[in-house]
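**Q** Compute the structure for the input listed below.
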Amino acid sequence: MNPSAIPHKMLSLDAFSTWLGIEILECKIGHCKVGMTIRKEMLNSMNKAHGGISYSLADTAFGFAANTHGKYAVSIETSINHIEALNEGDYLVAESVIEKVNHKLGFNIIEVKRGEELVALFKGVVYRTNKDWEE
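**A** Got it, this is the predicted structure:
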C-alpha cells in the first residue's frame with residue numbers, strides 16, 4: 001500500500017480522531033502532520049482545552065507516522081509535556097519531527113504547535129508488527 005495512503009485509511013476507520021475533527025495536512029514515510037480546532041466540548045472546568053485533546057492530536061500524528069512504513073505499528077509507551085494552556089478556537093498542528101526506526105521498535109517525537117508557538121511535546125515508542133497494511 002502507498003505509504004502516504006495509510007494515514008488516510010487509518011483516519012477513515014478512526015471514529016475518535018474523526019470526532020476530534022483531525023485533518024491530515026501532510027504525510028510521507030516516517031512523517032505525518034495533522035491539525036484540528038479546539039471546540040467548546042473539549043474544554044475542562046477551567047475553560048481551557050482538556051489535556052487529553054492535545055495528547056490525542058499528538059498521538060494520532062504519532063500513530064499515522066509510525067504506520068507509514070507499511071507494517072502495523074502499535075503504541076507501547078507515550079508521554080507528553082503540556083507547555084501552554086489552550087483555548088476554544090485555537091487551531092493546533094501536531095507534526096512528527098523525529099523518527100528512529102529499528103527492526104521492531106520505532107521512536108518518535110511529535111511537536112504540537114499553535115501557529116509558531118510550541119504548546120506540547122509528545123514522545124512515543126511503537127512496536128512494529130509483521131502485518132502489512134493492505135488496500
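**Q** quick one: residue 39 from residue 71, how far?
**A** Residue 39 sits at a distance of 34 Å from residue 71 (criterion: Cβ to Cβ, to the nearest Å). C-betas here are computed from N, CA, C, even on glycine.
**Q** Of the two, which one has the most company?
**A** Neighbours per residue, other Cβ atoms under 10 Å: of residue 39 and residue 71, the larger number sits with residue 71, 17 against 14.
**Q** Run through the residues that contact the more buried one.
**A** For residue 71, the contact set (Cβ atoms under 8 Å, 6 or more residues apart in numbering) comprises 128-133.
**Q** could you redo the last one with a cut-off of 7 Å?
**A** Residue 71 makes contact with 128-132 under the criterion Cβ atoms under 7 Å, 6 or more residues apart in numbering.
**Q** for residue 8, same thing?
**A** If you count contacts by Cβ under 7 Å, 6+ apart, then residue 8 has residue 24 around it.
**Q** Quickly find the element holding it.
**A** Using DSSP states H and E, residue 8 falls within helix 5-12.
**Q** Which neighbouring elements make contact with the helix or strand just after that helix?
**A** Tracing the chain C-terminally past helix 5-12 and defining elements by DSSP H and E, one meets helix 15-20 next. Identification of packing neighbours for helix 15-20 by 3 or more Cβ pairs under 7 Å, 6 or more residues apart in numbering; DSSP states H and E yields helix 51-67.
**Q** Next secondary structure element downstream of the helix it packs on?
**A** Remark: after helix 51-67, the chain's next helix or strand is strand 71-82, criterion DSSP H and E.
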